[in-house]
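Novice: Give the three-dimensional model of this entry:
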Amino acid sequence: MTGGTHGGNWQERETGCLSPLVSSRMLARDEPSVSQVEVMAGATPAASGRIFLSYRREETEHLAGRLADRLVERFGESQVFMDIDSIPPGVDFAEAIQRAVSGCDVLLALIGRQWTTLVDEQGRRRIDDPDDFVVLEVRAALDRNIPVIPVLVDGAVMPQRRELPRGLEQLSRRNAARLDAVSFRLNVGWLLKHLEKMLSASEDATAQASTGPPQQRFTSSSTVPRSVAAGPEERRASVIEPEAARPGAAEKLPQPDQQMTDTGSAADVGSHPSDWRLRGVPVDRRTVLRLAGSVAAVLVTGAGAWGASRLVDSDSASRPRWVFETGGEVYSSPEVADGVVYIGSVDHNLYAIDAVTGKERWRYRTGGAVTSSPIITNGLVYFGCNDFRIHAVTAATGTARWTFATGAVVHSSPAVVQGIVYVGSRDHNLYAIDAVTGKERWRFTGKDWFNSSPTVVDGKVYVGCRDKNVYALDASTGKQRWRYTTSSTVDSSAAVSGDTVWIGSDDHSVYALNAETGTWVWQFTAENGVVSTPRIVDDILYVGSDDGNLYALDAATGRMRWRHATGNGIRSSPIVAAGLVYIGSRDRYVYALDEMTGEQRWRFATQGPVDDSSPVVTGGLVYIGSLDHRVYALDAARGVRS
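Specialist: The predicted model follows:
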């Protein structure tokens, strides 16, 4: 192959195997570097703190190179490895990979959307091939208890245990980081911070450890007991965010003053966090660090259990009204109707929960993660699912009424207007489906995913698409009325009032467009992408951003009234009630802010990032989901149990 420059072509390879990065980031296939030969020959690496990048060319090469550059800038060329293509003739490539991996302190496994589904020429899944380079790399690290950080690229989701071949099952239990092209700088900053903690601890541990074979030198995490308070096998790992659970460590251990109870019901919370009785809830990994002192556990320095931070303007300990434990992360937003909270979970279930007591009414099992948010109309619950289907079930009993098959994951949340269900799919289509029969009325095809949820007003459907466009479609026919092209993907959903449409884009902007023509009215630029859906109340537009701020903008001009900074990105969408703006943040907190000033009234700490789940306020309670697998009911006025 020919040499390349920054951002140029990578070595011809099937998967991302390891080679020390030289200044050009390129190595001739027939000229292995000295470091490569040493690793392949089984030489003990001279330096600790090495990072192994595992990736597939077809999926994640575009970000593997950028990530490698940032890692080299931070840790040095000798510490970052990728692309072993120059295994000398006669050398067992499996053994060479195992030796190379064993010489590293951490493996970053870049996982794209097709990581579990890519097939070879015989139609067999690549990850089912025991000699596949990626399989060899990841398995070698797992077998040696080397911390493995799954890095979910461009919206990929964590593989479930049942999707993984023998030898890789442990990967489903590892906490993951995100790495998206549109929010690369923010994502990589978090990852670098966590890696610095890990590698610093690794150097200390290595200095104290006795010498031995490479596979024994970097296994301090193996001292941590595993599977303590383990959940069901199909539970997905969390995604790393600032102050969230960290990757590569063993399972969390319960603290002495916490007791484990079973899942699927509301937790009975006491007056202090130490009194709370949790059902199947693993607690702060600092406990693991104190007990084991492992390299991997050093990464886990996040906030503690619920209520570790006290509420603002309250002398009471942080206590929710109730907490309901699901079996997976909760990206879905709650819908509350007739005293019941309906919400989906990555554990494949849609739940119906008593809004007052937090007790489960019923659950409906699907064939995939439920990250779409449900809507209830005429006694039916409609929602999308990662099993490629839209489901309609009875609100009273959870009995299936009909399902509609699309060609891909349905993350978009449906709108139901005048007997028609409108919903997008990652198969590039927006569908109009008869709400009673489940039969297709029409479909509109874009050029990329429809993650955005449609908004239907005055006979028009407004929706964003990852092809960078905002579309207005005729609600009856699906015919395009207009489109407006932004500079990046549009996962945000539209707010519509009067003659204006407001919507966010990953190009860091909030757009105001004329609802009839799509003409640009104004544009507000945040410091990062805008996935959050705007909310307009009394001529003020409230919207969150991946830059961690909640913004209050003048709806007519886009002028900023105020902003409130949280500790991480905001993808949740705000709700306004009784003079307060409620929002969830990936910093783990649910916030209540004064709608006029942005001053914080209270905040409540969950045990995981609040991602796409958006709050609902009704009956004096705030309902919201978190990636800690839970659904919370909080007192709307104070954030604590009355």
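
Novice: Give me the buried positions along stretch 51-65.
Specialist: For stretch 51-65, the neighbour count (16 or more other Cβ atoms under 10 Å) marks 51-57, 59-61, 63-65 as buried. Where you see a C-beta, it was placed from the backbone N, CA and C, and this is true even at glycine.

Novice: Need those residues in JSON lines (columns: distance to D92, secondary structure and pLDDT).
Specialist: Below are these laid out as JSON lines (distance: Cβ to Cβ, whole Å; DSSP: H, G, I helix; E, B strand; the rest coil; pLDDT from 0 to 100):
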{"residue": "I51", "distance to D92": "24", "secondary structure": "strand", "pLDDT": "91"}
{"residue": "F52", "distance to D92": "19", "secondary structure": "strand", "pLDDT": "91"}
{"residue": "L53", "distance to D92": "22", "secondary structure": "strand", "pLDDT": "91"}
{"residue": "S54", "distance to D92": "19", "secondary structure": "strand", "pLDDT": "91"}
{"residue": "Y55", "distance to D92": "22", "secondary structure": "strand", "pLDDT": "91"}
{"residue": "R56", "distance to D92": "22", "secondary structure": "strand", "pLDDT": "88"}
{"residue": "R57", "distance to D92": "23", "secondary structure": "helix", "pLDDT": "82"}
{"residue": "E59", "distance to D92": "27", "secondary structure": "helix", "pLDDT": "82"}
{"residue": "T60", "distance to D92": "26", "secondary structure": "helix", "pLDDT": "84"}
{"residue": "E61", "distance to D92": "26", "secondary structure": "helix", "pLDDT": "82"}
{"residue": "L63", "distance to D92": "31", "secondary structure": "helix", "pLDDT": "84"}
{"residue": "A64", "distance to D92": "25", "secondary structure": "helix", "pLDDT": "86"}
{"residue": "G65", "distance to D92": "28", "secondary structure": "helix", "pLDDT": "84"}
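
Novice: tell me which of those residues is nearest to I575?
Specialist: L63 (33.8 Å; Cβ to Cβ).

Novice: show me where the stretch 251-400 of the chain has strands.
Specialist: 260-261, 266-267, 278-279, 322-325, 335-337, 340-344, 349-354, 360-365, 375-377, 380-384, 389-394, 400-405 (DSSP state E, counting those that start in this stretch).

Novice: any idea how far V490 is from the residue lying closest to V346 once chain neighbours are set aside?
Specialist: Among residues not flanking V346 along the chain, G328 sits closest, at 3.2 Å (Cβ to Cβ, 6 or more residues apart in numbering). Separation of G328 from V490 (Cβ to Cβ, to the nearest Å): 27 Å.

Novice: quick one, what contacts Y422?
Specialist: Y422 makes contacts with P414, A415, V416, L430, Y431, A432, I433, P454, V456, V461, A475, as judged by Cβ atoms under 8 Å, 6 or more residues apart in numbering.

Novice: Which of the helices or strands spans A592?
Specialist: Using DSSP states H and E, A592 sits within strand 589-594.

Novice: neighbouring contacts of that strand?
Specialist: Residues contacting strand 589-594 (Cβ under 8 Å, 6+ apart): 309, 550, 564, 566-567, 579-585, 599-606, 610, 615, 622, 624, 632, 634, 636, 639.

Novice: Neighbours of the closest residue to Q170 other than its chain neighbours, how many?
Specialist: Spatially, and ignoring its direct neighbours in sequence, Q170 is nearest to L142 (5.0 Å; Cβ to Cβ, 6+ apart). When neighbours are counted by other Cβ atoms under 10 Å, L142 registers 20.

Novice: And the pLDDT at L142?
Specialist: Here, the pLDDT recorded for L142 equals 91.

Novice: Can you give me every residue that contacts it?
Specialist: V148, G167, L168, Q170, L171.

Novice: ok, back up a step: now the strand holding A592, how far from the centre of its chain.
Specialist: Here strand 589-594 shows a centroid-to-chain-centroid distance of 21 Å under the convention Cα atoms, centre = their mean, to the nearest Å.

Novice: tell me the mean pLDDT over it?
Specialist: The model assigns strand 589-594 a mean pLDDT of 96.

Novice: Thank you kindly, that will do.
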